[in-house]
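In: Next comes the sequence, and after it the predicted model I'd like to discuss.
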Amino acid sequence: MIKILPGEKISALDKRHLELTGQKGIELMEQAAKAFSSWFCKNFDSKNSIIIWCGAGNNGGDGFAIARILKEKGFTVSLIECFEPSDNLSTDCEINRNRILESIRSSKWRGQIPESSIAIDAFLGVGLKGTLRNEARDKIKAFNSQEAIKVSVDIPSGLKAEGVAGSDVVLSDYTISFAQPKLSLLLPENEFCVGDLKVLDIGIDSRSYHDFQSDFYFLQKQDVKTRHKLFHRFSHKGDFGKIMLVGGGAGKVGAILLSGESALRTGSGLVFLNVNSSEILITQIGLREAMTSIEKFPRLDGFDAIGIGPGWGMGNREEQLEYFLNMAKCPLVLDADALNLIGENPALWNLIPVKTILTPHLKEFDRLAGESSDQLERWAKAKELAVKFKAIIVLKGANSLISLPDGRQVFNSSGTQFMATAGAGDVLTGMLTSLLGQGYSPENAALCGVFHHGLAGELAGKRFGRGTIARDIIKAIPMTFSELGIS
Ligand SMILES: NC(=O)C1=CN([C@@H]2O[C@H](COP(=O)(O)OP(=O)(O)OC[C@H]3O[C@@H](n4cnc5c(N)ncnc54)[C@H](O)[C@@H]3O)[C@@H](O)[C@H]2O)[C@H](O)CC1
Ligand SMILES: [K+]
């Protein structure tokens, strides 16, 4: 997993990469510009006219290089230079400016903006320091006033790599960040200026990260594959696990059915659904592959993992939750009403077995940890709780954050806005419980489960768009394994 470094460490990281590989800075910039341009060509037709706003630093250097590459690919490109002749350009910005083709129209910033269909923001990157100067503010305002699709290179100009955006910031539809997402790009408070986020590999040598300390990590496709258990010719039913999912109170049985079906689609051998006695019939009809039970205090031996909470209801459940927390000898997942019960009675925290996976969404997290004034505070509290109780806390949302007992915090890269639909969380609970039941370590179950859940959402979202529902995500689960080449 790639470490997420603070903005002020990025140039030191580049330097380390250049030392290790013998590359030159201008070559790394070319790799970044090429990565950006190939993403761009996949997403936009070359009939579009593009205007690129370039600053005087390396972010501007990226912009000049991107201009040259996109022109060669057939786009109509023009440039606005957001600096004065007296300004010092960074060495690599200067080199790329001199490489600009004559056929690219380049103008100085004079307050007028040529029309274009796509505006690329390569004005300021992670090198922004202190308070924004007035002339930079004017340029950002002018950039925002264009009626064009807006794409930021690395980070929206005016936004710092850490913290919440102020009012002087480029309002992007897409932010294409290099090597690692900057922490500010992951804050929901900054969604208004970041838009869709994509992180591109620009070929930084992974050894370059060794010298830098950070507890924040970014989970990508390539990190997940090695964490999976592979099944083979001699695998038997027992390898796929026997799990119990507890929930399905009156009127909410759909939640446990979604979890149950997700667990089966994730590969569980045997799935038991423990529901309210009034719901037994509908549960059996609802998921024919599952077995059902209605005891409030069922026997727990023989189960490989237990997931508790989807649609459970909170009335008179405390004693039951205590029973599960005290008696279970297998790994646990706690979700929904199980979390709300802990929020109401914090003494229950002390009964949670180590390495239990808790999956709160934002509101459930606030009930568990108390109100927070912003997401940064929530991230800090999640880390504190994970370390204190040796738990794994999955704070659900765009780029779900997985806080581990050793203090590491891992942001997920998969997922789509189409997953903001009823039952998507129940699907995750089923997937996580299933992987635990198949013998995955809690850390691997959390990382693989969260990634595959997001990927299933992406695949379902591609097909159904705004109409995506939780059952579409479940149907896409098997495809996520073939996508990653996992048997
Ligand atoms: N490893 C990577 O991710 C790579 C990233 N690249 C790109 O490089 C930039 C960072 O470049 P840097 O030269 O350090 O700084 P910037 O271009 O972001 O900014 C310098 C620019 O900004 C002006 N400035 C600074 N503070 C202010 C202020 N308060 N008000 C107004 N203007 C300000 C300063 O005068 C300079 O002109 C990174 O984001 C990537 O885009 C590399 O290309 C490849 C490796
Ligand atoms: K930028």
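Out: Yep, that arrived. All values derive from a computational prediction rather than experimental measurement. Ligands and ions are numbered 1, 2, ... in the order given.
In: Not counting its neighbours along the chain, what's nearest G55?
Out: By the measure of CB to CB, 6 or more residues apart in numbering, the closest residue to G55 outside its immediate chain neighbours is F123, 4.3 Å from it. Backbone N, C-alpha and C define where each C-beta goes, glycine included.
In: Same question for E8.
Out: According to CB to CB, 6+ apart, the nearest residue to E8 is A161 (7.7 Å).
In: Determine the number of other residues adjacent to the one you found.
Out: By the criterion of other CB atoms under 10 Å, A161 has 23 neighbours.
In: give the contact list for the residue nearest to G55.
Out: 53-55, 59-60, 63, 82, 136, 139-140, 143, 157, 170 (CB atoms under 8 Å, 6 or more residues apart in numbering).
In: I10 versus the residue nearest to E8, what's the distance?
Out: Relative to I10, A161 is positioned 7 Å away (CB to CB, to the nearest Å).
In: and for those two, which residues touch both?
Out: What both A161 and I10 touch, as defined by CB under 8 Å, 6+ apart, is the set V126.
In: Tell me which helix or strand the residue positioned nearest the centre of the chain sits in.
Out: Computing the C-alpha centroid of the chain and ranking residues by CA atoms, centre = their mean puts N399 first, at 2.3 Å. Using DSSP states H and E, N399 sits within no helix or strand.
In: which residues does it contact?
Out: N399 touches 181, 186, 197, 411-413, 415, counting by CB under 8 Å, 6+ apart.
In: Could you pick out the residues of the protein near ligand 2 for me?
Out: Selection of the chain residues close to ligand 2 by CB under 5 Å from the ion yields 121, 152-153, 157.
In: biggest separation within those residues, which pair?
Out: V153 and S157 (9.0 Å; CB to CB).
In: gap between D92 and C82?
Out: 17 Å.
In: Please name the nearest non-neighbouring residue to the residue of the stretch 351-487 of the chain found nearest ligand 1.
Out: Nearest residue of the stretch 351-487 of the chain to ligand 1 (CB to the nearest ligand atom) works out as S413 at 16.4 Å. Excluding the flanking residues, the one nearest S413 by CB to CB, 6+ apart is Q220, at 5.0 Å.
In: again with L230
Out: Here the residue nearest L230, using CB to CB, 6+ apart, is S487, at 5.8 Å.
In: thought the residue nearest to E8 was touching S184?
Out: Yes - taking contacts as CB atoms under 8 Å, A161 lies within contact range of S184: 5.8 Å.
In: Find residues that contact each of these two.
Out: In contact with both A161 and S184: I155, using CB under 8 Å, 6+ apart.
In: How many neighbouring residues does A347 have?
Out: 8.
In: same question, E102
Out: 6.
In: just checking, next helix/strand downstream of the worst-scoring helix or strand of the chain on mean pLDDT?
Out: When the helices and strands of the chain are scored by mean pLDDT, DSSP states H and E, strand 105-108 comes last with a mean of 81. Going down the chain from strand 105-108, the next helix or strand is strand 118-122, by DSSP H and E.
In: Distance-wise, check the residue nearest to A456 when sequence neighbours are not counted relative to I69.
Out: Computed as CB to CB, 6+ apart, the closest residue to A456 that is not its neighbour in sequence is A476, at 4.1 Å. According to CB to CB, A476 and I69 sit 35 Å apart.
In: which one of those two has more residues nearby?
Out: When neighbours are counted by other CB under 10 Å, A476 and I69 differ, and A476 comes out ahead with 25 against 19.
In: For ligand 2, see how far away that one is.
Out: 34 Å (CB to the ion, to the nearest Å).
In: and if you look at E344?
Out: Counting by CB to the ion - E344 and ligand 2 are separated by 46 Å.
In: burial count for E84?
Out: For E84, the neighbour count with other CB under 10 Å is 10.
In: surely A179 meets I2?
Out: Yes - using CB under 8 Å, A179 is in contact with I2, at 7.3 Å.
In: My reading is that W53 is in a helix; is that accurate?
Out: No - W53 sits outside any helix when classified using DSSP: H, G, I helix; E, B strand; the rest coil, being strand.
In: give me the beta-bridge partners of it?
Out: W53 has these beta-bridge partners by DSSP bridges: I80, D121.
In: give me the number of residues near it?
Out: W53 has 29 nearby residues by other CB under 10 Å.
In: go on, M1?
Out: Using other CB under 10 Å, M1 is surrounded by 17 other residues.
In: so who does it touch?
Out: M1 sits in contact with 217-220, 223, 410, where contact means CB under 8 Å, 6+ apart.
In: Strands - which of those residues land there?
Out: Among the contacts of M1, DSSP state E puts 217-219, 410 in strands.
In: Spatially nearest residue to G313, not counting backbone neighbours?
Out: Using CB to CB, 6+ apart, the closest residue to G313 is G249 (3.2 Å).
In: Report how many residues lie close to the one you found.
Out: G249: 20 neighbours (other CB under 10 Å).
In: Could you tell me how far it is located from M327?
Out: G249 is 21 Å from M327, by CB to CB.
In: Report the closest residue of the stretch 201-350 of the chain relative to ligand 2.
Out: Relative to ligand 2, the nearest point of the stretch 201-350 of the chain is I202 (15.0 Å; CB to the ion).
In: Distance-wise, check that residue relative to ligand 1.
Out: Separation of I202 from ligand 1 (CB to the nearest ligand atom, to the nearest Å): 6 Å.
In: and if you look at N340?
Out: From N340 to ligand 1 the distance is 41 Å (CB to the nearest ligand atom).
In: buried stuff in the helix or strand that residue falls within?
Out: For N340, the element it lies in under DSSP H and E is helix 336-344. For helix 336-344, the neighbour count (16 or more other CB atoms under 10 Å) marks 336-343 as buried.
In: What mean pLDDT does the lengthiest helix in the chain get?
Out: With secondary structure taken from DSSP state H, the chain has its longest helix at helix 442-464. Averaged over helix 442-464, pLDDT sits at 97.
In: what about E147, neighbour count?
Out: Count around E147 with other CB under 10 Å applied: 9.
In: Break the protein down into its domains, please.
Out: Dividing the chain into domains by automatic domain parsing, as the record does, gives the ranges 2-212, 224-483.
In: Taking the chain centroid, which residue in this protein is the extreme one?
Out: S86 (41.9 Å).
In: Find me the pLDDT at that one, would you?
Out: pLDDT, S86: 90.
In: Name the SS class of it, please.
Out: coil.
In: so what's it up against?
Out: S86 touches nothing, counting by CB under 8 Å, 6+ apart.
In: Roughly how far does it sit from ligand 1?
Out: 12 Å.
In: Next, that residue: phi, psi?
Out: Here is the backbone geometry of S86 (degrees, to the nearest 10): phi -80, psi -10.
In: That one and E162, how far apart?
Out: 31 Å.
In: now L187
Out: 9 Å.
In: So between the two, which is more surrounded?
Out: L187 (20 against 14).
In: Alright, I will stop here.
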